[in-house]
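*Asks:* Have a look; sequence and predicted model below, questions after that.
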Amino acid sequence: MKLICAEYNKRGDVAYSVVGDNALLRNNDDFYIPDFAGHLTAEPHLVLRVSKIGKSVGERFAGRYYEEVGVGIRFHAEDLENSLLDKGLSPAMASAFDGSAAISPLVSREGSVEDWCLVFRKNEEVLYSGRVEDLPLSPEQQIAAMSRYYMLKIGDFIYCGGLPRFVVQPGDRLRLSLADRELLDFGVK
């Protein structure tokens, strides 16, 4: 199992990266800020679980490749990322460390998820609220694009990306809802 993550720049360009399953943070366990992360951000995601093996999947068939959806939060050590980029090194380890990708329990996808709403809260403040159709790429477009580069295997998780990053600190409580169901709720320590 792997995590295939969409990463966007400020202009909206997208690249994909593969992250190992060591990054998964499950069961609404608290997130512990690692000692190398001075400036930490959290990025909410729609998450798809791949249910069928595929390579170079056409967009019109991509809906057949996932049956369950959830939400996730990827953590980024921004200061480490900037330091690595300044040295001309890959910034991957700044967002692929142990526990850096929280994932919710999954729910069954019935029909289109385009009109489902995503709501991200830090403490009691709503930092993001929008519909899945507002993402830069639809789930089907993500699957089609990612499968050009990576073989999709049953059980892989696709982190769709495209939402803003928010600064988090010890003591924060993060909540993420999908279609009016709160699926993630955990603390940052």
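*Replies:* The structure has been received and is ready for your questions. Numbering: from 1, shown residues only.

*Asks:* Residue 182: what secondary structure?
*Replies:* With DSSP: H, G, I helix; E, B strand; the rest coil as the basis, residue 182 sits in strand.

*Asks:* Pull up the gap between it and residue 105, please.
*Replies:* Computed as Cβ to Cβ, to the nearest Å, the residue 182 to residue 105 distance reads 11 Å. Yep, even glycine has a C-beta here, placed from its N, CA and C like the rest.

*Asks:* which SS class is the closest residue to residue 15 other than its chain neighbours?
*Replies:* With sequence-adjacent residues excluded and distances taken as Cβ to Cβ, 6 or more residues apart in numbering, residue 15 is closest to residue 7, at 5.4 Å. Classification of residue 7 using three-state DSSP returns strand.

*Asks:* ranges for the helices of the chain?
*Replies:* 78-86, 139-149 (DSSP state H).

*Asks:* tally of neighbours for the nearest residue to residue 180 once chain neighbours are set aside?
*Replies:* Nearest non-adjacent residue to residue 180, counting by Cβ to Cβ, 6+ apart: residue 117, 6.9 Å away. When neighbours are counted by other Cβ atoms under 10 Å, residue 117 registers 13.

*Asks:* do residue 58 as well
*Replies:* 11.

*Asks:* what about it, distance to residue 73?
*Replies:* 30 Å.
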